[in-house]
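Chemist: show me how the following folds:
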Amino acid sequence: MDSKARRHWLLLIICLALTAPLCAQDNPLDDPDLKEMLRQAQEMQKNVSGLQKNPTSLDARKKLAEMEAQGKEEEAQQAQAEKREKEKLQAALKKQLEAPGPVVLPDWTPVTPQFKATGSPTRKIVDDEVRIIQTGSSSLTPKELADGWEAAAVAANNLNHGRNNININDKLTTIMFLSTRTDPVEEVKLEACSEPNGKLTQIEISSPLPKPDVESE
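Modeler: From the prediction side, this is the model:
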């Protein structure tokens, strides 16, 4: 509420306060409700006077409002920039996904014993990257398959390797990671999973393609 409006309300309160109780009391100033109304009117007048005497508080509020508006504008611009970058990345990934050429895993990928493929390797966008994926099954357990990959990595003597063993309600999953130690770094991942009392282990072997150059798109 600005100072002019507050002065109008102040005058209205005083007029109502002085005229309404005259019929009921000889001295309206003794009415407690009137005293409270006058106190509130005086407090309002003090606040208006304080703002008039201290214009810097108004300037501070104005600057604060401007800063908040600027912050919101910068957040909106940042969100738009992130959206554009994501759209560029998705376009680049789609182009990489549909590019002609052979779809094969790295030639140093270990042989998976008793592996029966369910088809040819395919490309798929997974977590903002294109991966070559080969699925299949084996009669060996997840542990036996991971042991074979780990032994191959140790024998090669030029591969980094890591392993995760997961057991959820007797569903066994073993994940094996292998990567080269020289640039450009190549990676392959074996994920072997068997259900309780299952006769076959389901396998997914995958390898990410190099990140596409988004700036060139």
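
Chemist: quick one: low-confidence residue ranges for the protein.
Modeler: The model of the chain has pLDDT under 70 over residues 1-31, 33-34, 41, 44-57, 215-217.

Chemist: and if we set it to 80?
Modeler: 1-61, 63-64, 214-217 (pLDDT under 80).

Chemist: the helices in it, which residues?
Modeler: 3-19, 32-53, 55-97, 142-156 (DSSP state H).

Chemist: and stretch 155-171, end to end?
Modeler: From its first residue to its last, stretch 155-171 covers 30 Å (CA to CA, to the nearest Å).

Chemist: just the buried positions in that stretch, please.
Modeler: For stretch 155-171, a neighbour-count test (16 or more other CB atoms under 10 Å) marks 159, 161, 163 as buried. C-beta here means a position set from N, CA and C on the backbone, and glycine is covered the same way.

Chemist: list of residues touching that stretch?
Modeler: With CB atoms under 8 Å, 6 or more residues apart in numbering as the test, stretch 155-171 has contacts from 108, 142-143, 146, 149-150, 153-154, 172-182, 193-196.

Chemist: write the PyMOL selection for whichever of those residues are buried.
Modeler: In PyMOL, this line selects whichever of the contacts of stretch 155-171 come out buried by 16+ other CB under 10 Å:
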select buried, resi 142+146+149+150+153+172+173+174+175+176+177+178+179+180+193+194
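
Chemist: residues in contact with the closest residue to K95 other than its chain neighbours?
Modeler: Excluding the flanking residues, the one nearest K95 by CB to CB, 6 or more residues apart in numbering is P212, at 7.1 Å. P212 makes contacts with 89, 92-93, 95-96, 130, as judged by CB under 8 Å, 6+ apart.

Chemist: where neighbours are concerned, which of these has the most?
Modeler: When neighbours are counted by other CB atoms under 10 Å, V130 leads the contacts of P212 with 22 neighbours.

Chemist: quick one: residues contacting it.
Modeler: Contacts of V130 by CB under 8 Å, 6+ apart are 93, 96-97, 123-124, 208-209, 212.

Chemist: and those, which two are furthest apart?
Modeler: K124 and P212 (14.7 Å; CB to CB).

Chemist: ok, T135 - contacts?
Modeler: 117-119, 202-205.

Chemist: try it again at 7 Å.
Modeler: Contact partners of T135, counting by CB atoms under 7 Å, 6 or more residues apart in numbering, are 118, 203-204.

Chemist: how deep is S207 tucked in, by neighbour count?
Modeler: Counted with other CB under 10 Å, S207 comes out at 19.

Chemist: ok, the one 3 residues further on next?
Modeler: Residues within reach of P210, counting by other CB under 10 Å, total 11.

Chemist: got phi/psi on it?
Modeler: phi -60, psi 150 (degrees, to the nearest 10).

Chemist: which residue, other than its chain neighbours, is closest to it?
Modeler: P184 (6.6 Å).

Chemist: same check, this time on Q114
Modeler: Using CB to CB, 6+ apart, the closest residue to Q114 is S138 (4.7 Å).
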